[in-house]
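K.L.:
can you look at this prediction? I've put the sequence above it.
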Amino acid sequence: MAPLLEVKNVSKSFPGVLANDNISLTVNAGEVVALLGENGAGKSTLVKMIYGLYPPDSGEIFINGNKVELTSPKAAIDLGVGMVHQHFQLVPVFSVAQNVALGAEKKRYGLYDSQQAEEDVAALSQKYGLAVDPAVKIEDLPVGTQQRVEILKVLYRDAKLLILDEPTAVLTPQETDELLEVMRGFAKQGVGVIFITHKLREVLAVADRVVVLRNGKQVGETKPSETDQAGLAKMMVGRSVVLDVKKELAKPKEEVLRIEKIVVKDDRNLIGLNELSLSVKAGEIVGIAGVEGNGQRELVQAITGLRKIEAGKVYINNVDATDSSPYQVHKMGVAHVPEDRERDGLVASYSIADNLVLNRFTEAEFSKRGVRQVEPIKKLARFLVEKFAVKTPSIETNAGALSGGNKQKLVIARELAWGPKLLVAAQPTRGVDVGSIEFIHNQIVQARDNGAAVLLVSAELDEVLGLADRVAVIYAGKIVAELDAAAADRNKVGRLMAGGDTN
Amino acid sequence: MSKFLTRHQKPVLWTLLVVFIAYGFYFWDSVRTTSILNFTLSYALPLILAAMVGIIGERSGVVNIGIEGQMLFSAFVAFFAAAATGSLIMGAFLGMAAGLLAGAFLGIAAVRWEMDQIIAGVVINIVAAGITSFYYTPGKSLPAIVPRIKIPVLSEIPLLGPVFFNKSVFVYLTLIIVVVLQIMLFTSKWGLRTRAVGEYPSAADTAGINVFRTRIFNVAIAGILAGTAGAYLSLDAAGWFERGFTAGRGFLALAIMIFGAWNPLGAMAAALFFGFASGMASQLQADEVINIPQQFINMLPYVMTLVVLSFSAGKVRPPAAVGQPYKKEG
């Protein structure tokens, strides 16, 4: 029998980049193929060609043994190809059923049949164990559920080949495990799955075969049974990667951040932090472990002056910083790496140089009588781009043009360059490639060794356990346990994150 | 029917209230009430149609600031075509065709050429003003007036009869358009796709919907409605054509669209409210109940627009992708 999908010698270039160079890929019905590679390796480009979003420059694509020309997503959908995009393609003001049916609507009396759509979605979600209420609006759903809707959308169109583009980037560890199980379920029902990721643990857990891309080229194919995390990382990056963070034992000194029973409301005006207390000392990294949505965002925003504190106190170096403005907090020596770098971390339309002085442009060195000093700014920018290995054609390039990993390095560079006393880092490696993760981790450890206090918030439990010296588990707006990182194991912390006790 | 009533309780109650009050006034002063309501409808009609043009455009993600120019151009074409051919039907038909042309221009400029939508609309306004002034020839007149069509039975109802059911074909057409558009926009496949394209075009694209084609088609079709509004103005409401004839109604319609929260029925209610306020002011002026210079009365709709927009700002949510040309990434 012909394979479900066969891609033969496909190439695709964009102005200035050869995104895919002579790539071949086969997917059989009932198997999960992981497409592994760093950001910019060409994974998304490859699957977008399979989904009809771009035409290949050369090469051929076969579906069920027939050569196909995929000129639009519609052509791909008609051939049974479905894709769950990295950035969800859902209309926020539409209901779940409307989103699922969009583009494949069933009609009654010539009008869109909303009742039928809701029934179909309910039936599908039952069949595949993807619980969701078909009548709810997308904007009222959490991210994990939105992803289920994306998958339902694909199933509704009877996809035989399911492409998942970095589906776990936005999920909590629990949601990720659920999704991996769902993927296995699809394979069992004879669906072919292409799973794009750069997370090695997930690849080993779910894939039947792994195809690795690097810089647009196919560098190899392997099976989880024949390799391990280090082997995959080496294929992906092209050199050995240190997966465990290397660091000396922490030498904590004086207390830099002290939080006393703060109460903060969340976006929905409900209690986000409930009398939370925490302390971080100079020279140590405190990691916050928790399922997303348990107050991590609110905690970071309360410290950095971005959210009103209803009750309780925040002290920075023993100075009351409660309800200070972000500027005042910055002046007290606090650096902030925000969780959403695109929205809060950078000005995409500013040059790299200007982004690097966003927090310091008022300093005498960079501004004289209200006039920006171009040369000192450029000098700093050249120094930081070099030191933090930001890959860019020039310091005049707009920050928006950089890849995710390089954007994050830019933010880290800016926040660490001025020697802060406290670093608040939220999701510092989210959506960042392995090579950059290693680099960013080393920078954070170095900041600690130089005497900074570090508060690390991450949805990646492995990151928290690997990087932190002390782990504080947050649940329902409270720190429910503090553990020495050396003594904390995955299972125990996982139970605490879910609200269980240690025993 | 009962489902309809429970779901749309508020608008239904408001409508009943308005009708009730109107009849109250009718029994008090039948002549003046009928006259004000007639004025209300004829004033509101082009605004309703123009607001529908705006709604179709913005619901698909295209701002149409050129409604004014589309109407002006169509009014001009309708009038002179009718005068030249001696046929009102021919005039109306060509007026609508002119609207389609102007609409298609906006669609292609804004979508295919990715031109800034505001600028494309302004171009239409300027070009329309230029053409209609340059080719304007005085001394022409229409071959006939647009006939009134009396609907049997319904036209005998007191107040509602003469106001709604003894009118020209334009009135009936407009009312049908509003209702059909309301239904289509919220319950048809076309409506679902149109709103998806206006809210989140890349979601529509990945679901296999051609965003470009949908937008161009919708904006062009909306142009026909702008043409209808223009033809109504010159052939029916006025019976003549003058330079700058549309007097800002196309812009007023955008305010009405916002006031009506991008809903056809809501916009119709808003337009009728504008019409009523103007009619009331004129009547009071004519009766010398109030004595304000005419210029201030003429200002009323524009002042109301400002008030309405400043109150509704931030309360109603426009389609999310409005004004942004859709580009495929990569």
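P.N.:
Arrived safely, thanks for sending.

K.L.:
now B:F274: closest residue in space that isn't a chain neighbour?
P.N.:
Distances taken as C-beta to C-beta, 6 or more residues apart in numbering or on different chains place B:P301 nearest to B:F274, at 5.7 Å, with adjacent residues excluded. Where you see a C-beta, it was placed from the backbone N, CA and C, and this is true even at glycine.

K.L.:
what of A:L204?
P.N.:
The shortest distance from A:L204 to any non-neighbouring residue, by C-beta to C-beta, 6+ apart, is to A:P224 (4.7 Å).

K.L.:
report pLDDT for A:V241.
P.N.:
A:V241 carries a pLDDT score of 65 in this model.

K.L.:
nope, B:K3 is what I was after
P.N.:
Reported pLDDT for B:K3: 69.

K.L.:
B:F259 too?
P.N.:
Reported pLDDT at B:F259 in the predicted model: 89.

K.L.:
just to check, it is in contact with B:L306?
P.N.:
No. If you go by C-beta atoms under 8 Å, B:F259 and B:L306 don't touch, sitting 11.8 Å apart.

K.L.:
count the residues that sit near residue 76.
P.N.:
You didn't pick a chain, so chain A it is. 27 (other C-beta atoms under 10 Å in any protein chain shown).

K.L.:
look at chain B instead
P.N.:
B:F76: 26 neighbours (other C-beta under 10 Å).

K.L.:
helix, strand or coil: sort out the closest residue to it other than its chain neighbours for me.
P.N.:
Spatial nearest neighbour of B:F76, excluding adjacent residues (C-beta to C-beta, 6+ apart): B:T132 at 4.2 Å. Classification of B:T132 by DSSP: H, G, I helix; E, B strand; the rest coil places it in helix.

K.L.:
equivalent analysis for the one 4 residues further on, please.
P.N.:
Using three-state DSSP, the secondary structure recorded for B:Y136 is coil.

K.L.:
who's in contact with it?
P.N.:
B:Y136 makes contact with B:76, B:241, B:243, according to C-beta atoms under 8 Å, 6 or more residues apart in numbering or on different chains.

K.L.:
doesn't A:E6 make contact with A:N28?
P.N.:
No. With contacts defined as C-beta under 8 Å, A:N28 does not count as touching A:E6, sitting 9.6 Å away.

K.L.:
where does A:A187 fall, phi/psi-wise?
P.N.:
Here is the backbone geometry of A:A187 (degrees, to the nearest 10): phi -60, psi -40.

K.L.:
residues contacting it?
P.N.:
Each residue near A:A187 by C-beta under 8 Å, 6+ apart is listed here: A:30-32, A:193, A:208.

K.L.:
swap the cut-off to 7 Å and go again
P.N.:
A:30-32, A:193 (C-beta atoms under 7 Å, 6 or more residues apart in numbering or on different chains).

K.L.:
ok, it to A:G129 distance?
P.N.:
As judged by C-beta to C-beta, to the nearest Å, A:A187 and A:G129 stand 14 Å apart.

K.L.:
quick one: low-confidence parts of the stretch 1-150 of chain B?
P.N.:
B:1-3 (pLDDT under 70).

K.L.:
that one: strands as residue ranges?
P.N.:
Listed in chain order, the strands of the stretch 1-150 of chain B (DSSP state E, counting those that start in this stretch) span residues B:149-150.

K.L.:
any idea how far A:P338 is from A:A425?
P.N.:
9 Å.

K.L.:
when these two are compared, which one has more neighbours?
P.N.:
A:A425 (28 against 22).

K.L.:
quick one, phi psi at that one?
P.N.:
Backbone torsions of A:A425, given as degrees, to the nearest 10, read phi -110, psi 110.

K.L.:
number of nearby residues for B:D29?
P.N.:
Number of residues near B:D29 (other C-beta under 10 Å) recorded here: 11.

K.L.:
state the distance from it to chain A.
P.N.:
44 Å (C-beta to the nearest C-beta, to the nearest Å).

K.L.:
equivalent analysis for B:I21, please.
P.N.:
According to C-beta to the nearest C-beta, B:I21 and chain A sit 34 Å apart.

K.L.:
B:Q283 now?
P.N.:
42 Å.

K.L.:
residues in contact with the spatially closest residue to that residue that is not a sequence neighbour?
P.N.:
Using C-beta to C-beta, 6+ apart and skipping residues adjacent in sequence, the residue nearest B:Q283 is B:I36, 5.2 Å away. Listed by C-beta under 7 Å, 6+ apart, the contact set of B:I36 reads B:279-280, B:283.
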